[in-house]
Structures are given as structure tokens and as C-alpha cells.
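Novice: Would you be able to build a 3D model of this:
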Amino acid sequence: MKKSLFEIIENIPLTRDVMRMKLKGDTSAITAPGQFINIQIEGLFLRRPISVCHVCGDILTIIYKVVGEGTRRMQDMTGGSLDILMGLGNGYDLSPAGESPLLIGGGAGVPPMYMLAEKILERGVTPKVILGFNTASEVFYADEFAKLGAEVTVATADGSMGVKGFATDAMKQMSYSYFYACGPEAMLKAVWEQSETDGQFSFEERMGCGFGACMGCSCKTLTGSKRICKEGPVLRKGEILWQK
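Specialist: Residues are numbered from 1 along each chain as shown. The predicted model follows:
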């Protein structure tokens, strides 16, 4: 974990309520796709955890959905700097990906899939990517994934773009050696139930400290209690206990 000040160099809308922010600073603490940062917002007690989308040199890209007071304040930022804790979480393990990995991102779970796709492509493997949204107006980053060289499928619940239905409907049409998923818990559970191989899931959870000290984001797994911010946010398929 590292604490750094980052300069805001871009903050633009991608859709009505999804923003992309680019920050400049020391990114050395980010070592794996699926890790997250924790942003201090002036006047708010708790930091805001945001997944990492992309890192290139000293430029860090995050994509966030405007859903509460913290992200609403971020939306209005046009410059200045942010106090950030970074290099948080365990990130995805690429070693079991195999020759035909499938990446599944739903809504706000799309951004970490981008860095993961980059790292898999660097290994000479072309991933299949499913991006799930409610409707066409919410779709973002499909073109960016395609430009990387990934095989991209978009699914929308209302059928206004790509496959009609959920990410799991698109998943039924694919073969894959391993999978990685990030998105709403309902989507993750559906992927878990339908998947035919082993895989990894990235979970969202309300956090206090973001680095394992407060125990506020602990959850039970088949291998014992784990902190989503520390031993997670990525959990393997075989250790997940779904809450009833």
C-alpha cells in the first residue's frame, strides 16, 4: 500500500452517469489487474474505493459511476489533486487463464476487465470479452476493448445493442478455458451457477479503511473469513459462499 498525491488531468463523461478520470502520479504500487485505489474526498470521512482501469507510465485511468455524494463531487472536479491510497487488494491471478480465457464485466465491473485484457494479450493470448449493460445508452469501452485486439461481445438486457439479455446469455454461446468476472453480485452469482470451468470473481463491498485494518468488509468463505479489501476483492470460484 502506498499513499500519493495525483494530479487530475482529465475528467470526462462516457455516458450519462459514467465518468473517466485520468490522474498523473507515482503508479508503482499497482502491480496486478483487479486492484483498486481509495480516494480521499474533501469533507467526507470515508475514502471512495475505485477499481483501476489502466496504467501507462505515470498515468492512471479510472472509470467510475456517479451514484452517491462522493462520486458526485468527483464528477465536478476539473483540476487539482487527489490524496490516494493505492496498490490495494490482491488482483487477478493470470496463471490459470489457459488458451481461451473469458472476461465478463457488468456495468461498473467493466473497467478492471480492460487492464486484465491488456495483460492477457501481452502473454500472446486473445481473450473473449463479454460486456453487460441494461441498454445501449449505457454501453462504454466496447470499442476500446476491440482496439486492444480482444474478441468483444456486448449484451444488453433490452436488446438495444448486441446480444439480447444478460451477460450470462452471451456466455451460453461461448467455449472458454477459464473465466474472470466483475460486476453486480446478482450477475456474479449467475455466472458462478452457469460456468463450466474454474474462474475468479471480483466483489464490491462497502469498506471502511480499504486496507484490512477495520475488518468492516469481512466475509465468510469455504476457506475461512476473508477481507474483501485485503484478501480480495478477487475470490476463486471454489471458495465462494453465497449469502441466502
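Novice: And for residue 123, the neighbour number?
Specialist: With neighbours defined by other C-beta atoms under 10 Å, the count for residue 123 comes to 12. Every C-beta, even on glycine, is put in place using the N, C-alpha and C of the backbone.
Novice: and if you look at residue 47?
Specialist: The number of residues near residue 47, taken as other C-beta under 10 Å, comes to 21.
Novice: Is the closest residue to it other than its chain neighbours in a helix, a strand, or coil?
Specialist: Closest residue to residue 47 in three dimensions, ignoring its sequence neighbours and counting by C-beta to C-beta, 6 or more residues apart in numbering: residue 38, at 4.1 Å. Assigned with DSSP: H, G, I helix; E, B strand; the rest coil, residue 38 falls in the strand class.
Novice: Identify the bridge partners of residue 38.
Specialist: Judged by DSSP bridges, the bridge partners of residue 38 are residue 49, residue 85.
Novice: That one touches residue 51, doesn't it?
Specialist: No. Using C-beta atoms under 8 Å, residue 38 is not in contact with residue 51; the gap is 10.9 Å.
Novice: what about the two, which has more around it?
Specialist: Per other C-beta under 10 Å, whichever of residue 38 and residue 51 has more neighbours is residue 51, with 26 against 22.
Novice: List the residues that contact residue 25.
Specialist: For residue 25, the set of contacting residues under the criterion of C-beta atoms under 8 Å, 6 or more residues apart in numbering consists of 4-7, 58, 60, 84.
Novice: Quick check: chain neighbours aside, which residue is closest to the most centrally placed residue in the chain?
Specialist: The geometric centre of the chain, computed from its C-alpha atoms, lies nearest to residue 112 (C-alpha atoms, centre = their mean), at 3.3 Å. The spatially closest residue to residue 112, leaving aside those adjacent along the chain, is residue 51, at 4.4 Å (C-beta to C-beta, 6+ apart).
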